[in-house]
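Novice: I would like to see how this sequence folds:
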Amino acid sequence: QVQLVESGGGLVQAGGSLRLSCAASGRTFSNYIMGWFRQAPGKEREFVAAINWTGSSTYYADSVKGRFTISRDNAKNTLYLQMTSLKPEDTAVYYCAARSGAFNIVKVSTRYDYWGQGTQVTVSS
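Specialist: The predicted model follows:
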């Protein structure tokens, strides 16, 4: 089992920045591919970004590419999502997730085995 706890969400004005964190415990963090997903009210959960075991490979949704950066610190068992140039359409509950296996098909939420409880990000216009 892997336990994931997100933090860092909040209310920010459009154009602002936030950094989300996801603290992992349980099994060896560095064995897992990590991802960020988000879900806005009335919408399906959507992929945001993913990172491989060492942090050497990342993948982003087109909607956040160039504005968000995913990273990880395996020594601290922590995943990050640095969000800049935030837009009102980025408003959602953000979830971190963990999965094993190959670093492919990372956009599919059902391929992730463990999920955090989510943290709310609200971007005002």
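Novice: C-terminal to the helix or strand harbouring A23, what's the next element?
Specialist: Using DSSP states H and E, A23 sits within strand 18-26. Going down the chain from strand 18-26, the next helix or strand is strand 33-39, by DSSP H and E.
Novice: separation between the one residue sitting closest to the centre of the chain and Y114?
Specialist: Central residue of the chain (C-alpha atoms, centre = their mean): W36, 2.2 Å from the mean position. With distances taken as C-beta to C-beta, to the nearest Å, W36 is found 13 Å from Y114. The way it works is simple: take the backbone N, C-alpha and C, and place the C-beta from them, glycine included.
Novice: between the two, what contacts are shared?
Specialist: The contact sets of W36 and Y114 overlap at A97 (C-beta atoms under 8 Å, 6 or more residues apart in numbering).
Novice: just checking, L18 touches V12?
Specialist: Yes - checked against C-beta atoms under 8 Å, the pair L18 and V12 is within contact range at 5.5 Å.
Novice: of those two, who's got more company?
Specialist: Counting neighbours by other C-beta atoms under 10 Å for L18 and for V12 shows that L18 has the greater number, 21 against 17.
Novice: quick one on the thing from earlier: could you say which helix or strand contains the closest residue to the residue nearest to the centre of the chain other than its chain neighbours?
Specialist: Nearest residue to W36 in three dimensions, chain neighbours excluded: V48, at 4.2 Å (C-beta to C-beta, 6 or more residues apart in numbering). Secondary structure from DSSP H and E places V48 in strand 46-51.
Novice: The helix or strand that comes right after that strand - contacts with which helices or strands?
Specialist: Reading on from strand 46-51 to the C-terminus, the next helix or strand found by DSSP H and E is strand 58-60. With contacts taken as 3 or more C-beta pairs under 8 Å, 6 or more residues apart in numbering; DSSP states H and E, strand 58-60 sits against strand 46-51, strand 68-73.
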